[in-house]
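Chemist: Whatever this is, show me its structure:
(chains A and B)
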Amino acid sequence: MAKAPYDEMYLKGSAGRAHYLGYSRWLEGQPGDRLIQKRAEADALFHRVGITFAVYGQEEGAERLIPFDIVPRVLPHEEWTRLETGLKQRVRALNAFIHDIYHDQQILKAGVIPPEQVLCNSQYRPEMQGVDVPGGIYAHIAGIDIVRDDLGEFKVLEDNLRVPSGVSYMLENRKMMMRLFPELFSAHRVAPVDHYPDVLLDNLRSVAPIGVADPTVVLLTAGAHNSAYFEHAFLAQQMGIELVEGQDLFVRDEAVFMRTTQGPQRVDVMYRRIDDDFMDPLVFRPDSMLGVPGLMTAYRAGHITIANAIGTGVADDKSIYPYVPEMIRFYLGQAPIIGNVHTWVLRNPIDREYVLAHLPELVVKEVHGAGGYGMLIGPAATQDEIENFRRQIIATPERYIAQPTLALSTCPTFVEAGLAPRHIDLRPFVLSGREVTIVPGGLTRVALREGSLVVNSSQGGGTKDTWVLET
Amino acid sequence: MLSRTADHMYWMSRYIERAESVARLVDAHYRMSLLPHSGETLADSLGETMKALHMDEAYQQKHASIEPRAVFEFITVDRDFTGSIYSCLRCARENARAVRGSLTSELWETLNTTWLDARSQIVRRSSQIDIGQFVEWVKERSHLTRGVTIGTMMRDEAFHFTRIGTFLERADSTARILTAHQGDLVPGADAGVVPDPYQWSVLLRALSAFEVYRRVYRDVITPSRVAQLLILRDDMPRSLLRCCKEVYTNLKSVANEQSEETERRAGEMHAMLHFARMEELTAGGLPQFLEQFLAKLDDLGHRISTDFLVPPAEV
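Modeler: The predicted structure is shown next:
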């Protein structure tokens, strides 16, 4: 008795939703082979520009594209305005939470969240206790994954506060759509997104260490073999800042410098795209070749800003996620505008009992898993898989949460067989600095396999251009 | 700019230039192979060329004798041989990819497309590759890359490092081609001996100097004029003097606190060629001169590396 998903473009029957009418009329007027040709054109362009992933263990030098779908996902203005307000609210509360747990821990003292949930979490960094960061901002760049349920309600599925990626696809997809179908953009008032790098740079400059008037900002990457390397290089280029690797940096007198052709140059703000664990081999993983030895001493001394801050992972952990609505009430004294997906916390006996009795209908997730791995999708799982998860849940319940199987909304998508509905989500990028800003829209990911709910690019997901219509 | 970025820029342009140099040599020999009665001369010339480019040992590990078709394939499309055109194009693209954010998008797309096209021509080929056509294409892509570099890049440090890479590599290549032909360039050979026309055409064509020679001298080809043209002519784009001049001027534009000695040595190489007469240079014999020149070039490359590109770790 699966619920019918919400269709983004069409109402029940086949009438188009008001905000999609212009597009769907245009679409119906397109000869089928034009779309096929346009899609081939898009693939060729993406290859030439090199928006690709290196694929290992395959044909020498083989590189793969993240599939791009030519049917845009369109959001009407009013829906976006509400989402935007809700996202800003949520990220403000998350930043307040991270500041709190590394300082006075009021939320723990008030009993809103069990202290051990936070303090014993592997993502909690005791090294950050008592460290003040500029503006009290920890998650400077947040990617909040939003889904729409069968009733058309937006819900937050996941917060990404460590090194969220995908924004380059948001920008490149728009560029591609404008190139392929310029006529659509004269017929629709689509809110622009291409100023994102400017906003990001301004945001990073606004959180420079106190007293630095003209900060040097760099982007730290793991290097050309990292799967998100394209995005790192792209953002660095768009912002006009240096793309550095750990080997380009060193620490002297509690300050960070990069090696340049004109000698050492001081670095003030680091937009890092590698995980906490690899940042400083003297403090975290000693075998890390990607980080900078001594970085944490410079950081703790306040001589460099790291974005996102060290230790944000505790706030986007799936075991903390269920408490985010409470955080919004606790820190902001407001009711959450966008809700969570209902979540059973399996360390609670009552929740556990319910979940174990309903495994075939639910989605079970490992609290530290990411990218669609370590997950049971009940309705799609075999009896063996379900029993396997049951044993694991009973053995270590604290490692799991469960959620209802969501009927993610669908959007028509151009697949082999023609246009067909596919499930989608949305990842807007929320920037926090002097103020909180969001470029309208975000990255829409689409599960290309029929019936699939997994939108991750590592598991057969693609992307779409996301349009927020202006009034 | 970041030292590592400069390093990648430098090597990116060296590899493209190297691909072009090898393509030119293959092109010249390939034309020769189409002429009648070229058999032995061709094999000799290929043997000498591979020796001068230090490709002979790698070749011998794969092939027992010098067979023109095998040599052509080895130095153009062999995927295991690090000196092949295929490998050079891959390295150029890998270096470019590592700093794609510092390249203009036109330059990055040119290098990326070159590599993707080379790959599909070589890896996915169904029949024997047309060597003549392939090397012609490589030359065109190199010309395009250079044009895009000059036409789109800011004249900043990044630009100067790509130029230094290009001209160091070109000087190296010209000197090695001359080495392979040193037997024909003995100044005394002017009188009496009729030089082998095949050998001349290879040497001059490989350096785009055939037409230039005719324009400059309007006369028969003699060894001493060829040497003069390829070593000491300031207006000859692939001559040793021209390359050293470009290296020196670009190096001056990026000078830093520790690069004084490197600059001095580059200036010295330039001045030496600028003011020299042919007889002085080759007093000890042309082979010796070329050997010393290559050694100095090598030293310059190392010094540029330590001064700018891969500075020694901070203590």
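Chemist: excluding its backbone neighbours, what's nearest residue 309?
Modeler: Looking at chain A here, since you left the chain open. Closest residue in space to A:A309, ignoring its immediate chain neighbours: A:Y138 at 4.0 Å, by Cβ to Cβ, 6 or more residues apart in numbering or on different chains. Heads up, the C-betas are built off the backbone N, CA and C, glycines and all.
Chemist: let's do chain B instead
Modeler: B:D7 (3.8 Å).
Chemist: Can you give me every residue that contacts the one you found?
Modeler: The neighbourhood of B:D7, defined by Cβ atoms under 8 Å, 6 or more residues apart in numbering or on different chains, consists of B:305, B:309-310.
Chemist: now those: which count as buried?
Modeler: Among the contacts of B:D7, the ones that count as buried by 16 or more other Cβ atoms under 10 Å in any protein chain shown are B:L309.
Chemist: what helix or strand does the residue of chain A found nearest chain B sit in?
Modeler: Using Cβ to the nearest Cβ, A:Q237 is the residue of chain A that sits closest to chain B, at 3.6 Å. Under the criterion of DSSP states H and E, A:Q237 resides in helix A:229-239.
Chemist: How about stretch A:202-212 and chain B, any contact?
Modeler: No - judged by Cβ under 8 Å from any Cβ of the partner chain, stretch A:202-212 and chain B are separated, with a smallest distance of 15.7 Å.
Chemist: now that stretch, how far from the centre of its chain.
Modeler: 23 Å (Cα atoms, centre = their mean, to the nearest Å).
Chemist: Ok, stretch A:287-299 next?
Modeler: 25 Å.
Chemist: what's the answer for stretch B:278-296, then?
Modeler: Distance, centroid of stretch B:278-296 to centroid of chain: 19 Å (Cα atoms, centre = their mean).
Chemist: okay, that stretch in PDB with CA atoms only?
Modeler: Extracted in PDB, the C-alpha atoms of stretch B:278-296 (Å, rounded to 0.1, in the frame of the first residue of the first chain):
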ATOM      1  CA  MET B 278      80.800  30.000 -35.000                       C
ATOM      2  CA  GLU B 279      84.500  29.100 -35.100                       C
ATOM      3  CA  GLU B 280      85.000  29.900 -31.400                       C
ATOM      4  CA  LEU B 281      82.000  27.800 -30.400                       C
ATOM      5  CA  THR B 282      83.200  24.800 -32.300                       C
ATOM      6  CA  ALA B 283      86.900  25.200 -31.700                       C
ATOM      7  CA  GLY B 284      86.800  22.000 -29.600                       C
ATOM      8  CA  GLY B 285      84.500  20.400 -32.000                       C
ATOM      9  CA  LEU B 286      80.700  20.600 -32.400                       C
ATOM     10  CA  PRO B 287      80.000  17.500 -30.400                       C
ATOM     11  CA  GLN B 288      81.800  18.900 -27.400                       C
ATOM     12  CA  PHE B 289      80.000  22.200 -27.700                       C
ATOM     13  CA  LEU B 290      76.600  20.500 -27.800                       C
ATOM     14  CA  GLU B 291      77.400  18.300 -24.900                       C
ATOM     15  CA  GLN B 292      78.400  21.300 -22.800                       C
ATOM     16  CA  PHE B 293      75.400  23.200 -23.900                       C
ATOM     17  CA  LEU B 294      73.000  20.400 -22.900                       C
ATOM     18  CA  ALA B 295      74.800  20.100 -19.500                       C
ATOM     19  CA  LYS B 296      74.300  23.800 -18.900                       C
END
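Chemist: rewinding a little: name the helices or strands packed onto the helix holding A:Q237?
Modeler: When contacts are defined as 3 or more Cβ pairs under 8 Å, 6 or more residues apart in numbering or on different chains; DSSP states H and E, helix A:229-239 packs onto helix A:167-180, helix A:196-206, strand A:217-220, strand A:242-244.
Chemist: now the host helix or strand of the residue nearest to B:L309: mean pLDDT?
Modeler: B:D7 belongs to helix B:3-33 when assigned by DSSP H and E. Mean per-residue pLDDT for helix B:3-33: 93.
Chemist: does chain B sit close to stretch A:35-44?
Modeler: No - shown here: stretch A:35-44 not in contact with chain B (Cβ under 8 Å from any Cβ), separated by at least 10.1 Å.
Chemist: Beyond the helix holding B:D7, next helix or strand please.
Modeler: Past helix B:3-33, the next helix or strand by DSSP H and E is helix B:39-52.
Chemist: how big is the angle separating that next one from helix B:3-33?
Modeler: Between helix B:39-52 and helix B:3-33, the angle comes out at 170 degrees (axes from the mean of the first three to the mean of the last three Cα atoms, to 10 degrees).
Chemist: List the buried residues for helix B:39-52?
Modeler: Quick answer for helix B:39-52 (16+ other Cβ under 10 Å): B:41-43, B:45-50, B:52.
Chemist: From A:I350, how far off is the residue lying closest to A:H358 once chain neighbours are set aside?
Modeler: Leaving aside its chain neighbours, A:H358 sits nearest to A:G378 (7.8 Å; criterion: Cβ to Cβ, 6+ apart). From A:G378 across to A:I350, the span is 19 Å (Cβ to Cβ, to the nearest Å).
Chemist: quick one: which of these two has more around it?
Modeler: A:G378 (19 against 9; other Cβ atoms under 10 Å in any protein chain shown).
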